[in-house]
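*Asks:* Have a look; sequence and predicted model below, questions after that.
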Amino acid sequence: MNEEKSSYSYNNDFLLKNGKPWFPVMGELHYSRYPKKLWPEALAKMKAGGVTVVSSYIFWIHHEEKEGEYDFTGNRDLRGFLHAVQAAGLPVFLRIGPWCHGEVRNGGLPDWIMEKDYEPRTNDKGYLEEVKTYFAVLAEQIRGLLWENGGPVIGIQIENEYGCCGGLDGEEGEAHMRVLTKLALDAGLKAPYMTATGWGGAHTAGLLPVMEDTATPPGTGAWKSFPPMGITYSRRNGMIQISEAILGKRRLHGQRMETILT
């Protein structure tokens with residue numbers, strides 16, 4: 001079960017947990033890139049280090065490399081990962097895409113999607129039908145593990161950096177995000193926090209916008225000397241925004257792990 005009597009919401013000023021202002025610390029653990037046997041240890045370390053919410057991409061290419069053939073076994077065991085998160089006593093945000101980026105080939109879209117005669121990340125009916133099918137498969141994997149069902153899933157992010165890193169412009173881009181949101185909700189993928197990238201002119205379509213703070217300006221190499229970084233919530237158009245703080249990337253193990261997917 002999830003935390004007894006806990007509730008999550010937000011207003012124009014801050015996130016709320018049990019009706020009180022809440023400042024979570026979120027940490028990423030991409031389950032399909034990490035050995036399943038080490039998930040409990042990694043989650044325990046995250047929690048001990050002060051992380052209060054886990055976040056993970058769901059990379060489509062890791063689950064449907066071949067069209068119509070789904071794989072949720074081993075390191076790809078999404079349901080098993082959610083159970084591990086729950087056992088660690090942590091809530092989770094799922095970044096369901098369909099396009100994720102995450103330094104994965106095609107942004108996480110399967111190769112066979114890229115070979116179709118439609119343009120991915122557009123309002124083409126063929127592409128949206130593929131997304132609809134995929135979201136339905138995800139919903140079945142997550143069934144019973146959403147927050148409203150007693151599970152750990154308190155947040156779902158739609159797409160990633162849509163409009164600032166590819167995608168349609170203007171109202172077409174907003175419309176695409178609205179369609180993706182509807183497809184997710186119709187599939188049963190819903191959570192207290194439904195979010196979208198908010199920086200760089202990305203389209204949010206009314207979702208809770210997630211912003212970015214970086215410890216160093218991109219590409220400057222200024223990491224060698226920089227002042228302490230303050231992470232704060234900010235407001236845009238009267239709506240709270242959550243900051244994504246990029247402090248750098250570190251390996252948890254010195255040796256190469258052949259189980260990591262790219």
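*Replies:* That came in fine, so what should we check first? Numbering: from 1, shown residues only.

*Asks:* Can I take it that R95 is in a strand?
*Replies:* Yes. Assessed with DSSP: H, G, I helix; E, B strand; the rest coil, R95 lies in a strand.

*Asks:* got the buried residues for stretch 105-125?
*Replies:* By 16 or more other C-beta atoms under 10 Å, the buried positions in stretch 105-125 come out as N106, G107, G108, L109, P110, I113, P120, R121. In this view, the C-beta of every residue, glycine as well, is placed from N, C-alpha and C.

*Asks:* Pick the one among those residues closest to K37.
*Replies:* Nearest to K37, judged by C-beta to C-beta, of the buried residues of stretch 105-125 is G108 at 23.8 Å.

*Asks:* Let me know whether the closest one touches R95 as I believe.
*Replies:* No. Taking contacts as C-beta atoms under 8 Å, G108 lies outside contact range of R95: 9.5 Å.

*Asks:* list residues touching both of these two?
*Replies:* Between them, G108 and R95 share these contacting residues under C-beta atoms under 8 Å, 6 or more residues apart in numbering: Y57.

*Asks:* Let's have the buried residues of stretch 105-125 in a markdown table, adding distance to H63.
*Replies:* What follows is the buried residues of stretch 105-125, written out as a markdown table (distance: C-beta to C-beta, whole Å):
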| residue | distance to H63 |
| --- | --- |
| N106 | 13 |
| G107 | 14 |
| G108 | 10 |
| L109 | 12 |
| P110 | 9 |
| I113 | 12 |
| P120 | 16 |
| R121 | 18 |
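
*Asks:* From D111, how far out is I142?
*Replies:* Going from I142 to D111 by C-beta to C-beta, to the nearest Å gives 25 Å.

*Asks:* now A184
*Replies:* Taken as C-beta to C-beta, the span from A184 to D111 is 23 Å.

*Asks:* can you map out the strands along the stretch 101-250 of the chain?
*Replies:* Per DSSP state E, counting those that start in this stretch, the stretch 101-250 of the chain carries strands over the ranges 153-158, 193-197, 208-214, 234-236, 239-246.

*Asks:* quick one: the second one to strand 153-158, angle?
*Replies:* Right, strand 193-197. Here the directions of strand 193-197 and strand 153-158 differ by 30 degrees (axes from the mean of the first three to the mean of the last three C-alpha atoms, to 10 degrees).

*Asks:* now stretch 200-214, how far from the chain's geometric center?
*Replies:* 13 Å (C-alpha atoms, centre = their mean, to the nearest Å).

*Asks:* now swap in stretch 117-128 and tell me
*Replies:* Mean-position distance between stretch 117-128 and its chain equals 22 Å (C-alpha atoms, centre = their mean).

*Asks:* can you check stretch 81-91 too?
*Replies:* Distance, centroid of stretch 81-91 to centroid of chain: 16 Å (C-alpha atoms, centre = their mean).

*Asks:* same deal with stretch 74-86?
*Replies:* 15 Å.

*Asks:* residues of that stretch that come out buried?
*Replies:* Quick answer for stretch 74-86 (16+ other C-beta under 10 Å): N75, R76, D77, L78, G80, F81, L82, A84, V85, Q86.

*Asks:* Against A42, how distant is the second one?
*Replies:* Using C-beta to C-beta, we find R76 at a distance of 16 Å from A42.

*Asks:* Which residue is the nearest non-sequential neighbour of the spatially most central residue of the chain?
*Replies:* Centroid check for the chain by C-alpha atoms, centre = their mean gives R95 as the closest residue, at 2.0 Å. Nearest non-adjacent residue to R95, counting by C-beta to C-beta, 6 or more residues apart in numbering: Q157, 4.2 Å away.

*Asks:* For the stretch 1-150 of the chain, just list every one of the helices.
*Replies:* Ranges of helices in the stretch 1-150 of the chain, per DSSP state H, counting those that start in this stretch, are 39-48, 60-63, 78-87, 111-114, 125-142.

*Asks:* Tabulate the ones you listed (JSON lines), appending mean pLDDT and distance to M194.
*Replies:* Formatted as JSON lines, those follow (pLDDT from 0 to 100; distance: least, C-beta to C-beta, whole Å):
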{"stretch": "helix 39-48", "mean pLDDT": "98", "distance to M194": "23"}
{"stretch": "helix 60-63", "mean pLDDT": "98", "distance to M194": "19"}
{"stretch": "helix 78-87", "mean pLDDT": "98", "distance to M194": "18"}
{"stretch": "helix 111-114", "mean pLDDT": "98", "distance to M194": "24"}
{"stretch": "helix 125-142", "mean pLDDT": "98", "distance to M194": "13"}
